[in-house]
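> model the structure of this input:
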Amino acid sequence: MKKKYKKKTKKFLIRKVVFVLILMMIFFAGRKGIYNYFAKQKAKKTRLLLNNNFVDLTDEIHKEDEVIYISKEDIKHIFDDTIYYNRGDEELITTYNKHVAVMHLERNGMMVNDSISEMKGMLKEIDSEIYLPVSDLGIVYDIEVFYAPATNIIIMDSTTKAKKQAIMVSDAKIKTSKNPFSIVVEKVKKGEYVTIIEENGSHLKVRTEQRKYGLC
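Numbers count the residues shown, from 1 in each chain. I've put the predicted structure just below:
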């Protein structure tokens, strides 16, 4: 009787362990699926990250080939609250710090502080709104502009603001949160650089060279 009881107990424990393992596998697979779903939903809309902070925009960002367009109204809120567009002359004037730029609708090139500067894009009217080729305006707004296709994020960094960077002294996993079971968004290797966004207790919120964000 004891032997039979032990065999039944052993089988029960094995079944219980297998059941728990299956539940854990379902949990992790489902968790990753949910994360990927919401990540894809976010990625559908192009977002703007300015100096490591997401900016809420009034209008949609437009992309044409390598050129990134942002509406005049959003430029007004971000960089220049005195931006002016003359519909009669189809001329736009924008200022920032000591820069003054003049552009004309559907024309390549702009005048910046009395010097002609080439542009890949041009001033455009899209959906009845005036749009500026912000990827060409680094010289005007003192910014560097990047596009991260994996996350569909436009990244702008001020050239006048120092970046706080660190070099990885060992391989590390960049995760979505402090939770030990959180999703790994990227693995960085020893010797790679990360940009430090903020210190969060014993963790760092960082941006990788691949333009991905998380905690390490």
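> so for the top strand by length along the chain, what gets flagged as buried?
Longest strand in the chain, counting residues (DSSP state E): strand 193-200. Within strand 193-200, the residues that count as buried by 16 or more other CB atoms under 10 Å are 194-195, 197. The C-beta positions use only the backbone N, C-alpha and C, and glycine is treated the same way.
> pairing partners for it, with directions?
Strand 193-200 has its sheet partners listed here by DSSP bridges as strand 165-167 (antiparallel), strand 203-208 (antiparallel).
> so where does M25 fall, helix or strand?
helix 2-44 (DSSP states H and E).
> and the following helix or strand past that helix, how far out from the chain's middle?
Under the assignment DSSP H and E, the closest C-terminal helix or strand after helix 2-44 is strand 47-50. Mean C-alpha position of strand 47-50 versus that of the full chain (CA atoms, centre = their mean, to the nearest Å) differs by 6 Å.
> which residue lies nearest the spatial centre of the chain?
For the chain, I153 is the residue whose C-alpha lies nearest the centre (CA atoms, centre = their mean; 3.8 Å).
> now do the contacts for it.
Each residue near I153 by CB atoms under 8 Å, 6 or more residues apart in numbering is listed here: 46-49, 147, 211.
> where does pLDDT dip in the protein?
Scanning the chain with the threshold set as pLDDT under 70 gives 1-13, 17-20, 27-44.
> domains in it, by residue range?
The chain breaks down by automatic domain parsing into domains covering 48-158, 162-215.
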